[in-house]
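A.B. asks: I'll drop the sequence and a predicted model, then ask my questions.
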Amino acid sequence: MHAKDILIDGYGRIREEVHVAVDGLGPEELSHRPAPGANSVAWLVWHLTRVQDDHVAGAFGLDQVWTAQGWEKRFGLGLASHDIGYGHSPAQVAKVKVDSADLLTGYYDAVHEQTLGALRGIAAKDLERVVDRRWDPPVTLGVRLVSVLSDDLQHVGQAAYLRGLLQS
């Protein structure tokens, strides 16, 4: 198995878990926040998708699906185009409301397809390419891809936990 195959498998697992986390939830459940300042399922899935979209597009020199495919307009959140949710205040979290889980899974699936397309084209040596010099040490493509994978799995796990709370 090659490194890209492991990454493709890992990102596929995120997709599966995103669908499970939101399947059958209505607008109220998706927007429910279990405590003041807590995140909702909708925010968690939107955020993990925005992070993947932003970071993978940046690492591969691609346009973000959010803007290029019109998802920003479909969501209509009133947030800046570049906003990925990092450091959101409770008021900003509250802006992430959706009418259906289909909007979240539709956006995630579009980002996932772009991610898979990028991953299919890499060779092992590409994982050593520096994609972000703002850090010390500079971030390589391999580190960035694993970082996004880890972050997304953590957030989808939080969404699944919150779903369980809602259904108990």
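C.D. replies: Perfect, thanks for sending it.
A.B. asks: Tell me who's in contact with Leu7.
C.D. replies: 119, 145-146, 149 (CB atoms under 8 Å, 6 or more residues apart in numbering). (Each C-beta comes from the backbone N, C-alpha and C, glycine too.)
A.B. asks: where along the protein do the strands fall?
C.D. replies: 130-132, 139-140 (DSSP state E).
A.B. asks: Not counting residues beside it along the chain, what's closest to the residue nearest to the spatial centre of the chain?
C.D. replies: With distances taken as CA atoms, centre = their mean, Thr49 lies nearest the centre of the chain, 1.9 Å away. In space, and not counting its chain neighbours, Thr49 is closest to Tyr108: 4.7 Å by CB to CB, 6 or more residues apart in numbering.
A.B. asks: Could I have the buried ones of the contacts of Leu7 as ChimeraX selection syntax?
C.D. replies: With 16 or more other CB atoms under 10 Å as the criterion, this ChimeraX line picks the buried residues out of the contacts of Leu7:
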select :119,145,149
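A.B. asks: from the contacts of Leu7, which two are the most distant?
C.D. replies: Greatest spatial distance in the contacts of Leu7: Leu119 and Val146, 12.1 Å, computed using CB to CB.
A.B. asks: Asp83 is in contact with His47, correct?
C.D. replies: No - the criterion here is CB atoms under 8 Å, and His47 misses it with Asp83 at 9.7 Å.
A.B. asks: the more surrounded of the two?
C.D. replies: His47 (23 against 19; other CB atoms under 10 Å).
A.B. asks: show me the contacts for that one.
C.D. replies: Shown in contact with His47 (CB under 8 Å, 6+ apart): 39, 84-86, 88, 96, 155.
A.B. asks: And those, which of them are buried?
C.D. replies: Among the contacts of His47, those classed as buried by neighbour count (16+ other CB under 10 Å) are 39, 84-85, 88, 96, 155.
A.B. asks: Could you check the longest helix along the chain and say which residues are buried?
C.D. replies: If you go by DSSP state H, the chain has its longest helix at helix 141-167. Neighbour-count burial for helix 141-167 flags 141-145, 148-149, 151-153, 155-156, 158-160, 162-163 (criterion: 16+ other CB under 10 Å).
A.B. asks: what's the answer for stretch 129-142, then?
C.D. replies: By 16+ other CB under 10 Å, the buried positions in stretch 129-142 come out as 131, 139-142.
A.B. asks: Fine, thanks again, bye for now.
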